[in-house]
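Visitor: Starting from these lines, generate the structure:
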Amino acid sequence: MEIPVIDFSKIEGENRGEAMALLHEACRKWGFFMIENHGIDKELMEKVKQLVNLHYEENMKGKFYDSQTAKSLANNEYIGSKDWETTFFVWHRPNSNINDLTLSKDLSKTMEAYIDQLIKLAEKLSEFMCENLGIQKNSIMEGFAGGSVPSVGTKVAIYPECPRPELIRGLREHTDAGGIILLLQDDKIPGLEFFKDGKWVKIPPSINNRIFVNTGDQLEILSNGTYKSALHRVMAMKDGSRLSIATFYNPAGDAIISPSPKLLLPNHFRFQDYLDLYTKTKFEDKGLSSSTVYDLHGYIDEQVVIYTERGCNLFVEMPK
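Guide: Got it, this is the predicted structure:
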């Protein structure tokens, strides 16, 4: 199963339509993809990885292998309540905590420079997603801003070399709570897996400074289920330590997230009109598509039923 790769340079060029269609398909059917030619300084990306690995070796590795999690693995029992990872979290927006962390000045300065570029990439990506969804290009940015600006933070994780990977996950199965996640990951050690079509898809290490992207729960809500928040996990590995630098472009804490009004279709119709349509489409896919035409007028006094691309799953909106 080949993971979609979006060439960002094509979106600005002659093959824009093709690249935008591939991006839309990746968000709808996968919930994850890779982007290349994204404009982030490659030397800066390499320096971030180098300095994080150095920080791990000097400040995190010894403490991790001396932790209770590492010691528990020696009992030869499966550990389902803990993860085989060591991490630290950097907040960038609306406020930064980087000066409160025990990071070297070089790492702090390099991380800040990298994140400044990455935020611009996240904003551009959000605009492309809005265009594909047929909503105003600032809908995601404005929806995520709340009373200030979207929240941006980075989880820096090392998944250390594990002597018994069959007994513990690097990171247990989950979806991401936020919006757009941009991952700068290891270029040698694998371990990340995403669930698609009933199977776990192994995500390869990132070659040529590709950035791995996945969409979180809030983007699924804002898109009314059109874009997917995929289940994923990290497997513990025996052959080396894996680096993960995941930056979250998320809603602010006070942001109210709801489906974009333009995506609430069909909307405000008489129930009899809906029954007439239902008799014609009862055994067809209820998913929204550009080829579906709804000619429903009026409204239902009690509720408006909105079908999504998930078929039998429904969003129900009470009229105001």
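
Visitor: what distance separates the start and the end of stretch 59-78?
Guide: Terminal residues of stretch 59-78 are spaced 28 Å apart (Cα to Cα, to the nearest Å).

Visitor: Buried residues, that stretch. List them.
Guide: Neighbour-count burial for stretch 59-78, with 16 or more other Cβ atoms under 10 Å as criterion, is recorded at 60-61, 64, 69-70, 73. (Glycine included, C-beta is placed from N, CA and C.)

Visitor: what mean pLDDT does that stretch have?
Guide: Predicted confidence along stretch 59-78 averages 91 (mean pLDDT).

Visitor: from the buried residues of stretch 59-78, which ones fall inside helices?
Guide: Filtering the buried residues of stretch 59-78 for membership in helices, criterion DSSP state H, returns 61, 64, 69-70.

Visitor: Widest-spaced pair of those?
Guide: The most widely separated members of those, counting by Cβ to Cβ, are 61 and 69 (13.5 Å).

Visitor: got the contact list for stretch 73-83?
Guide: Outside stretch 73-83, the residues that touch it by Cβ atoms under 8 Å, 6 or more residues apart in numbering are 69, 72, 84, 162-164, 166-172, 234.

Visitor: mind redoing it with 7 Å?
Guide: Around stretch 73-83, the neighbours that count as contacts under Cβ atoms under 7 Å, 6 or more residues apart in numbering are 69, 72, 163-164, 167-172.

Visitor: Distance from it to the middle of the chain?
Guide: In terms of Cα atoms, centre = their mean, to the nearest Å, the centre of stretch 73-83 is set 28 Å apart from its chain centre.

Visitor: what's the span of it from first residue to last?
Guide: Chord length of stretch 73-83, first to last residue, is 11 Å (Cα to Cα).

Visitor: Helices of the stretch 201-320 of the chain, residue ranges please.
Guide: Under the criterion DSSP state H, counting those that start in this stretch, helices of the stretch 201-320 of the chain are mapped to 217-222, 271-281.

Visitor: Mind exporting the C-alpha coordinates of the shortest one to PDB?
Guide: Read it as helix 217-222. Taking only C-alpha atoms (Å, rounded to 0.1, in the frame of the first residue of the first chain), the coordinates of helix 217-222 have been written out as PDB:
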ATOM      1  CA  ASP A 217     -10.100  14.900  15.400                       C
ATOM      2  CA  GLN A 218     -10.900  18.600  15.200                       C
ATOM      3  CA  LEU A 219     -10.300  18.700  11.400                       C
ATOM      4  CA  GLU A 220     -12.600  15.800  11.100                       C
ATOM      5  CA  ILE A 221     -15.300  17.700  13.000                       C
ATOM      6  CA  LEU A 222     -14.700  21.000  11.100                       C
END
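
Visitor: pLDDT (mean, whole number) over it?
Guide: With pLDDT averaged residue by residue, helix 217-222 scores 95.

Visitor: Could you number the chain from 18 rather than 1 from now on?
Guide: Got it, the first residue is 18 from now on, which makes the last one we talked about helix 234-239.

Visitor: which residues are in contact with it?
Guide: By Cβ under 7 Å, 6+ apart, the residues outside helix 234-239 that reach it are 157, 160, 192-197, 244-246, 267-268, 274-277.

Visitor: Can you list the buried residues in it?
Guide: Of the residues in helix 234-239, those buried by neighbour count under the rule 16+ other Cβ under 10 Å are 234-239.

Visitor: do stretch 196-206 as well
Guide: Taking 16+ other Cβ under 10 Å as the basis for neighbour counts, the residues of stretch 196-206 that come out buried are 196-203, 206.

Visitor: So among the residues you listed, where is pLDDT lowest?
Guide: Scanning the buried residues of stretch 196-206 for pLDDT, the smallest score is found at residue 203, 91.
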